[in-house]
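Enquirer: Fold the following and give me the result.
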Amino acid sequence: MKWLVILGLVALSECIVKIPLTKIKTTQGAIREKQLLGKFLDEQSHSLSQNSDPDQKFSSHRLRNFQNIVYFGNITIGTPPQEFQVNFDTGSSDLWVPSVDCRSPSCSTHKRFNPQKSTTFQRLDQKIELIYGSGSMKGVLGRDTIQIGDLVITNQIFGLSQNQSSGVLEQVPYDGILGLAYPNLAVRGTTPVFDNLKNHKIISEPVFAFYLSSRPGNISTVMFGGVDHTYHKGKLQWVPVTQASFWQVAMSSMTINGKVVGCSHGCQAIVDTGTSLLVGPTHLVTDILKLINPKPMLDDQQVLPCDVVNSLPTLLLTINGIVYPVPPDYYVQRLTQEICFLSFQGGTETNHFGTSENWILGDVFLRLYFSVYDRGNNRIGLAPAA
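Expert: Numbering: from 1, shown residues only. Below you'll find the predicted structure:
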């Protein structure tokens, strides 16, 4: 899950809109509560240019970056606009924010949408319940104008939470979630934000991309309608989506020091910006933690002294014939000056993805690799982040 973001702009149908994101460090407790941040609700083609049009305009706000693992951006809802910070999440498909009618503690700590202050709001007589790995919400559907940078969608259906679970949703600094997965994961009868951008030709190409900064001074960004290739090194490697619901791809192996530690007979992986960790089957994650951290601190297999990080092995993921290294600097998070945390989590066996072994590649992976989500060709592009 994520933290604070400010909005970048640029639009019109022939331009790319970029939303700069920022991240903030979480505590060990918050990391633990986010165990399965991915949301488990239950080839035709256009041509995607390999180079950005030099005439396209870009606008972004430089933000201070902290050593962290969470990313957010701003959107507005209603007329006049009410501003919210949302988690741009490739692991779910719905947009929702808290409502002024919500009295849950997790709503009181966030901005709440007031329908009576929007002249374009329409209430819909449909109740909803959304369940995530990090919590749940119950509420109603409404319809209003949504703006992301200069991109404007009228009559967008979205959720207004009237009751939210405590825990992670109470602690995180973002207000709501903007899902970017496929429409079959959305509430029945609704059209997700990105599909409306695509269907109404508000964007020039049916793609979006993420650059998640890993160093202070860089700008984390989500861009819509095209790709700014200055954010990655080398050529994008395209991976077919195996099931058009989550952004799900085939992964052929996971190794550490030449030893196969997962995906020994092939497996499926969900690329999820809404998940902070690398998540997999509990028994395999347990073995990986024992291999990486044979002498844990505080009787916790995920906790280790920071002075050993440089000696830890690199995890190698093979996807569509390409090896993607994940070095310890990326799968280890610093909790204090001396105590570090291994960003692996078990639990995917409790969800139903249709295969026997499944992994979620969260921000640990995506901080390393610039990612492009191409709905026109049902594929994901990956390249080392610049």
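
Enquirer: can I assume residue 73 is in contact with residue 21?
Expert: Yes - with contact defined as CB atoms under 8 Å, residue 73 counts as touching residue 21 (5.3 Å). Every C-beta, even on glycine, is put in place using the N, C-alpha and C of the backbone.

Enquirer: Looking at those two now, which is surrounded by more residues?
Expert: Comparing residue 73 with residue 21 by other CB atoms under 10 Å, the one with more neighbours is residue 21, at 31 against 27.

Enquirer: Would you state the helices of this protein in chain order?
Expert: Assigned by DSSP state H, the helices in the chain fall at 28-33, 105-108, 168-171, 193-199, 282-292, 328-331, 363-366.

Enquirer: Out of those, which gets nearest to residue 79?
Expert: Among those, helix 193-199 comes nearest to residue 79, with 17.0 Å by CB to CB.

Enquirer: So which other helices or strands are in contact with that closest one?
Expert: strand 151-164 (3 or more CB pairs under 8 Å, 6 or more residues apart in numbering; DSSP states H and E).

Enquirer: roughly how far out does the strand it packs on sit from the chain middle?
Expert: 19 Å (CA atoms, centre = their mean, to the nearest Å).

Enquirer: List the buried residues for that strand?
Expert: Across strand 151-164, burial judged by 16 or more other CB atoms under 10 Å covers 151, 153, 156, 157, 158, 159, 160, 161, 162, 163, 164.

Enquirer: Just list whatever residues bridge to the last one.
Expert: What it means is residue 164. Beta-bridge pairing for residue 164 (DSSP bridges): residue 137.

Enquirer: And for the fifth one?
Expert: Legend: beta-bridge partners of residue 158 under DSSP bridges are residue 142.

Enquirer: which residues touch it?
Expert: Residue 158 is in contact with 77, 94, 95, 96, 97, 141, 142, 143, 144, 146, counting by CB atoms under 8 Å, 6 or more residues apart in numbering.

Enquirer: The first one too?
Expert: Residue 151 makes contacts with 11, 17, 197, 202, 203, 224, 225, as judged by CB under 8 Å, 6+ apart.

Enquirer: check contacts around the nearest residue to residue 298 once chain neighbours are set aside.
Expert: For residue 298, ignoring the flanking residues on the chain, the nearest one in space by CB to CB, 6 or more residues apart in numbering is residue 339 at 8.0 Å. If a contact means CB under 8 Å, 6+ apart, then residue 339 has 28, 297, 298, 303, 304, 305, 306 as its contacts.

Enquirer: gap between residue 382 and residue 364?
Expert: Separation of residue 382 from residue 364 (CB to CB, to the nearest Å): 14 Å.

Enquirer: What pLDDT does the model give residue 150?
Expert: Here the pLDDT value assigned to residue 150 is 87.

Enquirer: all numbers from here: first residue = 122
Expert: Okay, residue one is now 122; in that scheme the one you just asked about reads as residue 271.

Enquirer: so it makes contact with residue 137?
Expert: No - the pair residue 271 and residue 137 does not pass the contact test of CB under 8 Å, sitting 10.7 Å apart.

Enquirer: and those two? which has more neighbours close in?
Expert: Just comparing residue 271 and residue 137: by other CB under 10 Å the higher neighbour count belongs to residue 137, 24 against 16.

Enquirer: what's the burial count for residue 358?
Expert: Counted with other CB under 10 Å, residues neighbouring residue 358 total 16.

Enquirer: who does it bridge with?
Expert: Judged by DSSP bridges, the bridge partners of residue 358 are residue 503.

Enquirer: and it, what does it touch?
Expert: By CB under 8 Å, 6+ apart, residue 358 lies in contact with 441, 443, 502, 503, 504.
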